[in-house]
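# Sequence and predicted model, in that order:
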Amino acid sequence: MNFRRLPWTLCLLLLCPLSAQEAEPTTGLTPEEQEADVQRMNAEAEVALPSATKRTEREDVHVVSQSRLFSVSGGDSLRMGAIATHADDVYKKLCKFLRLNEKWENNISIRLLGQHTDAPRLNPIRTRISILDGKPHFQIRIYPGGGIDLARLDNAIVAVLLYEYSLRGVDPGAFPEDMSLPDWLVTGIQQAMAWRSGKVDRRLYRSLFERAEMLSPEEMISLREPWKLDAASRQVYEVSCGVLILSLIDREGGTMQLTNLLAEAALADDPPVEMITAHFHELGVDASLLSKWWAIELANLALPRASEAMTPLESEKQLVEALRLVYYDAELQATRSLSLDNMYALVEIPEWRSLLQPSLEQLVKLSHLCFPGYRPIIVEYCRLLSELMSGAHPDTLQDRLGPLRELREAYYAASIRGRDYLDWFEITYLGQENRRSFDSYLETLRLLRREDAGAETPVSRYLEDIEALYHLGENQPLPPSLRTEIQRRRHASKKK
């Protein structure tokens, strides 16, 4: 936030209060954008409100939220009431997240400028802080042309609420020329709230975690102009900020320490790392703790939840990893890995039983998250390994691994076929007439409901293979089509 024009604004306020209100700086914009925005706002104000005596009845009507924190004006009663209720909901969620009492000192004004039938604006939701009658005035301006983006509105409400909390009790006359909350702090709290409310897809965290594209805490909080990032980099930045805030809050007493930091952040001049260290004292002993907290939090957020099932391809990938035993070879003085499918080699490793226990725990955990068809496969692996640890000879167990590997190959082949066919279908029929797509949809429904046998197609063969795998009994052979597919893939791999 830039308050370089504050003295000029206060003078102008005495002469023309309406223009002074319109000329206050806009939060979240660069200085050049602020200047252009102020000029545009002044022009709009002169056209829309040439004088206080010419205000329309609509502009005098406003709706006050139940908490009495928000005042909404400029729209029809139904829309203003809906926005006031929504703003109150966001306020309650923020108070719950930061464990704050639902108290406030400064009102927040939300103004609707225009109709939903107007042309969309490039920046349709804007936040402003101005000084009126010696008090800070917080405002959100909404240009509803083309509809109101609720995600943007939520971000604006959270940002203004954080400013209101940070500036409570501060003498407006003591405001510095350049004052703003750190972007990583505001963005991080918004992202952390979205995560806690279940509005963030965990797969985004997992994808970025696996590709090691997350920003480190030091890089993130030192970024000076995050609004200049491209869309992909901005997404990585926002997720990184959310992970950092969650890692701080998850410390013992972390919520109170974060709110203390927030209360001083708007007026603080210290570098970001020093500002965090001043409230999280453990970092003063070991500066690397911040990166460790952040990395652990990211790993936890990237883990699949118990209610989230993996795809067959993901299940196979995780199973291969769980069956990989890493051990230290004293003779070679190097670390080696071994697949648990080879039980003869496993029992030759010194102290193999103690090394095997973590793998069994990983298999049990995977059995709760894997694709349902993989669950009996993983359970059988656990049973075989437990029997081996109990003293069973590898000769009696190794042969039982063959059907398990064959079933895994069947699932893998069926999944590849299904994925390839869906990719082909999307590429082939993308942009075709809607009627053809709708007919294909109805045909698929008929196949799934078995209303009629229908013609044999790649989709029908794929569905039959999947259904056969689901109903496959113990010690029963694989469906002929899958056997053929496995043999074909083996033959192709040998040629390579």
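Thanks, I have the structure now.
# Check which residues of whatever helix or strand A156 lives in are buried.
Taking DSSP states H and E as the definition, one finds A156 inside helix 150-166. Neighbour counts using 16 or more other Cβ atoms under 10 Å place 153-166 of helix 150-166 among the buried residues. C-beta here means a position set from N, CA and C on the backbone, and glycine is covered the same way.
# I'd like these as a markdown table, with pLDDT appended.
A markdown table is the format used below for these (pLDDT from 0 to 100):
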| residue | pLDDT |
| --- | --- |
| L153 | 91 |
| D154 | 90 |
| N155 | 88 |
| A156 | 91 |
| I157 | 93 |
| V158 | 92 |
| A159 | 91 |
| V160 | 92 |
| L161 | 93 |
| L162 | 91 |
| Y163 | 89 |
| E164 | 89 |
| Y165 | 90 |
| S166 | 87 |
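# Go through those residues and name the one nearest V200.
Using Cβ to Cβ, D154 is the member of those that lies nearest V200, at 12.7 Å.
# so what's that closest one closest to, chain neighbours aside?
V90 (5.7 Å; Cβ to Cβ, 6 or more residues apart in numbering).
# likewise G134?
The nearest residue in space to G134 (Cβ to Cβ, 6+ apart) is P172, at 5.9 Å.
# circling back: so what secondary structure elements neighbour the helix holding A156?
Helix 150-166 sits against helix 77-98, strand 108-112, strand 125-132, strand 135-142, helix 183-196, helix 254-265, with contacts defined as 3 or more Cβ pairs under 8 Å, 6 or more residues apart in numbering; DSSP states H and E.
# wait, isn't S337 in contact with V326?
Yes - counting by Cβ atoms under 8 Å, V326 is a contact partner of S337 at 5.0 Å.
# Which one of these two is surrounded by more residues?
V326 (11 against 8; other Cβ atoms under 10 Å).
# I'd assumed that one was in a strand, is it?
Yes - assessed by DSSP: H, G, I helix; E, B strand; the rest coil, V326 belongs to a strand.
# tell me the SS of the residue positioned nearest the centre of the chain?
What sits nearest the mean C-alpha location of the chain, by Cα atoms, centre = their mean, is V200, with 3.6 Å. Judged by three-state DSSP, the three-state class of V200 is coil.
# How about the contacts made by it?
Applying Cβ atoms under 8 Å, 6 or more residues apart in numbering, we find V200 in contact with 191, 194, 242.
# Which secondary structure element is home to E406?
Going by DSSP H and E, E406 is in helix 394-429.
# Domain boundaries for the protein, per the record?
Here the domain parsing of the chain from automatic domain parsing is 6-171, 183-302, 312-495.
# just how off-centre is the second one within its chain?
What it means is domain 183-302. Centroid separation for domain 183-302 versus its chain: 13 Å, with Cα atoms, centre = their mean, to the nearest Å.
# Show me the shaky parts of the stretch 51-200 of the chain.
Where the stretch 51-200 of the chain drops to pLDDT under 70, the residues are 51-60, 174-179.
# Name the member of the buried residues of helix 150-166 with the shortest distance to L122.
Distance to L122, by Cβ to Cβ, is smallest for A156 among these, at 15.1 Å.
# Just to check, that closest one is in contact with I140?
Yes - using Cβ under 8 Å, A156 is in contact with I140, at 5.1 Å.
# Give me the common contacts of the two.
125-127.
# Against R488, how distant is Y411?
16 Å (Cβ to Cβ, to the nearest Å).
# Which one's more surrounded, those two?
Using other Cβ under 10 Å as the criterion, Y411 and R488 rank with Y411 on top: 21 against 11.
# neighbouring contacts of the helix holding A156?
27-28, 83, 86-87, 90-91, 94, 100, 104-106, 108, 124-127, 129, 138-140, 142, 181, 185-186, 189-190, 193, 262-267.
# Please pick the buried ones from these.
Buried among the contacts of helix 150-166 by 16+ other Cβ under 10 Å: 27-28, 83, 86-87, 90-91, 94, 100, 104, 106, 108, 124-127, 129, 138-140, 142, 181, 185-186, 189-190, 193, 262-263, 265-266.
# Tell me where this structure has strands.
Ranges of strands in the chain, per DSSP state E, are 62-64, 70-73, 108-112, 125-132, 135-142, 324-329, 334-339.
# List just the one of these that sits closest to F209.
That would be, of these and by Cβ to Cβ, strand 324-329, which comes in at 19.6 Å.
# List the buried residues for the closest one?
For strand 324-329, using 16+ other Cβ under 10 Å, the buried residues are 325, 327.
# tell me the mean pLDDT over stretch 234-249?
Throughout stretch 234-249, pLDDT has a mean value of 88.
# I meant to write stretch 488-496 there.
Per-residue scores along stretch 488-496 average to 69.
# what's the answer for stretch 468-485, then?
On average, stretch 468-485 scores 69.
# Quote the end-to-end distance of that stretch.
One end of stretch 468-485 to the other measures 15 Å (Cα to Cα, to the nearest Å).
# Same question for stretch 124-142.
Stretch 124-142 end-to-end distance (Cα to Cα) = 6 Å.
# Centre of the chain to it, how far?
Worked out by Cα atoms, centre = their mean, stretch 124-142 lies 29 Å from the chain centre.
# again, but for stretch 79-93
Its chain's C-alpha centre and that of stretch 79-93 lie 23 Å apart, by Cα atoms, centre = their mean.
# List the contacts of it.
61-67, 69-75, 102, 108, 110, 112, 142, 144, 148, 150, 153-154, 157-158, 161, 193, 197.
# follow-up on the earlier one: mind putting the strands of the chain into JSON lines with distance to S288?
Formatted as JSON lines, these follow (distance: least, Cβ to Cβ, whole Å):
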{"stretch": "strand 62-64", "distance to S288": "49"}
{"stretch": "strand 70-73", "distance to S288": "43"}
{"stretch": "strand 108-112", "distance to S288": "40"}
{"stretch": "strand 125-132", "distance to S288": "36"}
{"stretch": "strand 135-142", "distance to S288": "38"}
{"stretch": "strand 324-329", "distance to S288": "26"}
{"stretch": "strand 334-339", "distance to S288": "25"}
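# Q235 is nearest to which of those strands?
Comparing the strands of the chain by Cβ to Cβ, strand 125-132 comes nearest, at 19.2 Å.
# between the closest one and helix 150-166, what angle do the directions make?
30 degrees (axes from the mean of the first three to the mean of the last three Cα atoms, to 10 degrees).
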